[in-house]
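[1] Give me a 3D structure for the following:
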Amino acid sequence: MGPTVFLPQRQFWNPGSINWNPSKPDPSDFGIWTAAYDVSGIRSVTLMIRISPGRKVPAKANKVYAGGIWKGLSMKRVPLTGPLAPTTDPLPDYIADLFQANVTGVTQSLVDYYVQAVDSLGNIRNSPLQHVYVANKVAL
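    Sure thing, here's the model as predicted:
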């Protein structure tokens, strides 16, 4: 069946462009993070990215996993300690691990991405496919 993979999140939300503060644009480099868990253990978690230069991508070409060239970025396990440690009472029986990777050096391109997790038995699970347009760093 494969590991449980939570929907990946992105920081910065609008890479290379303006988000909340017009006087402080978001940088083009951004991070992706997610949580993943499997009762048999996690062997690997990989961020898969596909870069399409420019804004114009053929209709539906970026809405499928097939096609294009995918690059895998190993996601780093982030310990849930300190401010990230669970504080519920009672503590849960099982806690998903947090994983993160950074996408750097991309500008003026559409980035399709998903997370692929593999458990210790070799079962694979992919997160939903997501997309972001990465602009140039905005000059003010």
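
[2] so where does the spatially most central residue of the chain fall, helix or strand?
    Nearest to the mean C-alpha position of the chain, counting by CA atoms, centre = their mean, stands residue 32 at 3.3 Å. Element membership for residue 32, per DSSP states H and E: strand 30-37.

[3] in that strand, what's buried?
    By neighbour count, with 16 or more other CB atoms under 10 Å as the criterion, the buried positions of strand 30-37 are 30, 32, 33, 34, 35, 36, 37. Bear in mind the C-beta positions are built from the backbone N, C-alpha and C, glycine included.

[4] Need those residues in CSV (columns: distance to residue 118 and pLDDT).
    Compiled in CSV, the buried residues of strand 30-37 are given as follows (distance: CB to CB, whole Å; pLDDT from 0 to 100):
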residue, distance to residue 118, pLDDT
30, 24, 94
32, 17, 97
33, 18, 96
34, 14, 97
35, 15, 94
36, 10, 95
37, 13, 94
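
[5] ok, now which ones touch the residue nearest to the centre of the chain?
    8, 9, 10, 47, 75, 100, 101, 102, 103, 113, 115 (CB atoms under 8 Å, 6 or more residues apart in numbering).

[6] Apply 7 Å and report the result again.
    The contact partners of residue 32, by CB atoms under 7 Å, 6 or more residues apart in numbering, come to 8, 10, 47, 100, 101, 103, 113.

[7] Spatially nearest residue to the first one, not counting backbone neighbours?
    This points to residue 8. Residue nearest to residue 8 in three dimensions, not counting chain neighbours: residue 34, with 4.4 Å by CB to CB, 6 or more residues apart in numbering.
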